[in-house]
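Undergrad: Sharing a model prediction with you, sequence too.
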Amino acid sequence: MAARPDAAVTRNPDGAVPNTPDAPPMIADNACGVASDQGDLGMLSGTAGSQTQSSTTAQRVSFVEAVSPLTAAQATPDVVHVELWDGYGAFTGTAAHAGTFTIAGDETDYDTCGVCVLMLADVTNNTPTKLLLATSGTVTITAVGTATGQTTEATVTNASFVEISQQNNDWQPVVGSNCPSPIAHVELSGTL
């Protein structure tokens with residue numbers, strides 16, 4: 001398992017000396033290269049985008065994403081990524097919109113999800129080394145931007161993940177992978 005330092009300071013017991021750095025505690029990565037327990041990632045400002053799903057449809061896919069603060073200083077950071085697909089999963093028969101959605105059923109399969117919560121592990125040149133999909137939790141969408149200057153905002157709570165890979169044009173869980181990497185809470189916001 002790889003590990004990375006987290007910021008830490010200790011206080012002199014008599015209080016006479018100001019805070020000084022101590023040996024940093026290590027945050028353990030799982031086999032997918034993501035923190036084994038991500039905890040509360042707080043409010044993250046990132047990027048957003050929106051485009052038509054194909055040249056033959058007006059349906060859109062929108063997203064909001066941000067670098068995880070646990071890896072922000074690394075050359076290959078992890079990225080929390082939420083995609084919203086018109087006409088899929090929670091948005092079957094409609095466009096992506098504000099609301100609270102449970103990650104269950106169609107939302108746990110990258111081929112069918114309308115609200116897709118992903119962890120992109122160790123991203124280099126916009127390409128992750130591994131892709132993880134949330135299989136539980138709740139997502140609250142407060143805004144879905146579709147034009148320049150608009151904002152997309154999502155809050156993810158109690159999400160747990162599974163590693164996925166594409167096999168014969170179908171996204172499947174990776175057999176034997178154990179990378180739940182739970183997120184207790186994260187708020188993402190990005191402007192198109």
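TA: Now that the structure is in, tell me what you want to look at.
Undergrad: going forward, measure contacts between C-alpha atoms and count neighbours the same way
TA: Will do.
Undergrad: Nearest to the spatial middle of the protein, which residue is it?
TA: Within the chain, the residue whose C-alpha comes closest to the C-alpha centroid is V80; the distance, by C-alpha atoms, centre = their mean, is 2.2 Å.
Undergrad: Find the helix or strand that that residue is a member of.
TA: Assigned by DSSP states H and E, V80 belongs to strand 79-85.
Undergrad: Give me the phi and psi for the residue nearest to G46 when sequence neighbours are not counted.
TA: Taking C-alpha to C-alpha, 6 or more residues apart in numbering as the measure, G46 lies nearest to A66, with 4.3 Å between them; neighbours along the chain are not counted. Dihedral pair for A66: phi -150, psi 150, per degrees, to the nearest 10.
Undergrad: got the residue ranges for the strands in this protein?
TA: Applying DSSP state E to the chain gives strands spanning 3-5, 9-10, 20-21, 26-28, 39-52, 60-67, 79-85, 99-102, 115-121, 130-143, 151-167, 170-173, 183-191.
Undergrad: Which of the ones you listed sits closest to T108?
TA: Go through these one by one with C-alpha to C-alpha and the one that ends up closest to T108 is strand 130-143, at 4.8 Å.
Undergrad: Now do that closest one: everything it contacts.
TA: 32-33, 97-104, 107-110, 115-122, 151-165, 179 (C-alpha atoms under 8 Å, 6 or more residues apart in numbering).
Undergrad: For that strand, buried residues please.
TA: Of the residues in strand 130-143, those buried under the neighbour-count criterion (16 or more other C-alpha atoms under 10 Å) are 130-141, 143.
Undergrad: That strand pairs with which strands, parallel or anti?
TA: Here the strand partners of strand 130-143, with direction, are listed using DSSP bridges: strand 99-102 (antiparallel), strand 115-121 (antiparallel), strand 151-167 (antiparallel).
Undergrad: what sits against the residue nearest to T94 when sequence neighbours are not counted?
TA: Sequence neighbours aside, G87 is the residue nearest to T94 in space, at 5.5 Å (criterion: C-alpha to C-alpha, 6+ apart). Applying C-alpha under 8 Å, 6+ apart, one finds that G87 lies in contact with Q59, G93, T94, A95, A96, G114.
Undergrad: What is the nearest of those to P173?
TA: Nearest member of the contacts of G87 to P173, counting by C-alpha to C-alpha, is G114, at 17.9 Å.
Undergrad: What does the closest one show for phi and psi?
TA: As for G114, its main-chain torsions (degrees, to the nearest 10) stand at phi -100, psi -30.
Undergrad: Which residue lies closest in space to L118, excluding its sequence neighbours?
TA: If you skip the residues right next to it in sequence, L118 has L133 as its closest partner in space, 4.6 Å away by C-alpha to C-alpha, 6+ apart.
Undergrad: can you pull the pLDDT of the one you found?
TA: The confidence metric pLDDT takes the value 95 at L133.
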